[in-house]
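1. Provided below are the primary sequence and the corresponding predicted coordinates.
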Amino acid sequence: MDISLYYPCDRCGTMPLYGEFLVRSEVHRNDRLWATSKTMERHGLCRPCFDRITGACSAAAQGLEDPSWPGLPAPVDTAPSDYAHCNFCRSALAPQAYGIDLVPMTTEFVRRSLYRHHGSIQQHRICRQCYTWCLTLIHEDPEVRGQSARAYESGFANWYQQVARDVWASGLIERDEAVVWNACHGAGRDFVRIALADTRFLPHDPSRVVFIEAGQGRAVRAIRALPESARSRVIIVARPDTIEEAMDGMVLGSGDVTVSPLSPEQVAGSLERVADLSQRKRHAGTGLTIYPDNEPGAHGLPSNTLAVGLERHDTPRGAFLRLRRFLRGYDRVGVDAEGNLRVVVYCPCEYAPRVSERIQMFLGDGTTVSIAGQGAPIALPGTAASAA
């Protein structure tokens, strides 16, 4: 009996099934051996959904830049492609990784006890951030309809930029640099690529902010070389294997951390958060901004402050990375006065429960998310970008 005829696709609900999407938790045992500890997820997919997911994973593995795949991971060109690095973003893998298998269900008989799958099988070993990206392709309704909100974070005319600044950038990968360049020029501002050593001139140009790619301690070195008055104009761009350095930069006084791959909305959101730092308090232990439960709304939308409790094996820094990567660029990630994670999302209040479910999806089933407070919307001052 062919079971694929009797079960609907886990992604869109149509029949019959064509292939499976499997996720394995893997642990690094010794120099070159990864061992599967358990199968975490198994999803049956119809032919169109299977082809779309395999196409997205193939594009990510090849390091392609394709606007048809929302949020496509951006690889570091200089990182090796080997067993110790994520197949998608090339970040160094932690002791735990995730194995992705995309396997067609249809088989044909070859000879006794030997069958062959129709179609190609894909296997990837990836980091947790890229695994979360895969989950968004499986679970999110807008992505299933091909209408993901991330898909239109591409042109200047399609997002609201309230704050515009002249920008320097140091060490960004090519794709991220292009996004920052477009955001600056779309707002009529200046963009200059600089060497890391030139960040020492930041105190002499108070109109600028600088985006610095974290890695090998370069962001921390640049921040320590600056006077405290200029450090809040540093925005650190982090990746899964540089989050510790990025968060150390926040403790030292950097203005914001955003996560590669960048979108125009993430750039605009970072500039906004840097602009209002003078009105905020920061938590001494983490360097993150403290947000009250009654945070006012913004962009003509009410605010929803969410209290996030992490599952046992998660870390605040790792959770911050995934929250910053997969929430909209304008949303804010910080802490309360006691250092507990807080997320401020700007959306109609009736959407807050769905946002909470989404956060639980990419942080893990053991995560708790509750609505701590809501704030009234503030009307938009206009659609033109205003200088800071």
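-> Perfect, I can see it now.
2. so Ala169, which of the three states?
-> Following DSSP: H, G, I helix; E, B strand; the rest coil, Ala169 is assigned to strand.
3. residues touching it, list them.
-> The contact partners of Ala169, by CB atoms under 8 Å, 6 or more residues apart in numbering, come to 177, 180, 191-194, 210-212. All C-beta spots, glycine's among them, are computed from the backbone N, C-alpha and C.
4. ok, which pair from those residues is furthest apart?
-> Among the contacts of Ala169, the pair separated by the greatest distance (CB to CB) is Phe191 and Ile212, at 14.2 Å.
5. follow-up on the earlier one: is there a quick PyMOL command that grabs whichever of the contacts of Ala169 are buried?
-> Buried residues within the contacts of Ala169, as defined by 16 or more other CB atoms under 10 Å, are selected in PyMOL through the command that follows:
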select buried, resi 177+180+191+194+210+211+212
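6. ok, of the contacts of Ala169, which one's closest to Gly339?
-> For Gly339, the nearest member of the contacts of Ala169 is Ile212. The distance, counting by CB to CB, is 25.2 Å.
7. Now do the closest one, the pLDDT please.
-> According to the predicted model, the pLDDT of Ile212 comes to 97.
8. So what touches the helix or strand where it lies?
-> Mapping Ile212 onto the secondary structure by DSSP states H and E places it in strand 208-213. Counting contacts by CB under 8 Å, 6+ apart, the residues outside strand 208-213 that touch it are 165-173, 176, 180, 194, 196, 199, 202, 218-219, 222, 233-237, 242, 255, 260, 271, 274.
9. Any stretches of this protein with poor pLDDT?
-> Counting by pLDDT under 70, the ranges of the chain that qualify are 1-6, 31-32, 67, 70, 78, 107-119, 141-161, 379-388.
10. can you tell me which helix in it is longest?
-> Taking DSSP state H as the criterion, the chain has its longest helix at helix 47-61.
11. for the stretch 151-300 of the chain, what spans make up the helices?
-> 174-186, 218-224, 228-231, 243-252, 264-275 (DSSP state H, counting those that start in this stretch).
12. Leu288 is nearest to which of these?
-> Shortest separation from Leu288 across the helices of the stretch 151-300 of the chain is recorded for helix 243-252, at 6.2 Å, computed as CB to CB.
13. what's the angle from the closest one to strand 208-213?
-> Using axes from the mean of the first three to the mean of the last three CA atoms, to 10 degrees, one finds that helix 243-252 and strand 208-213 are set 150 degrees apart in direction.
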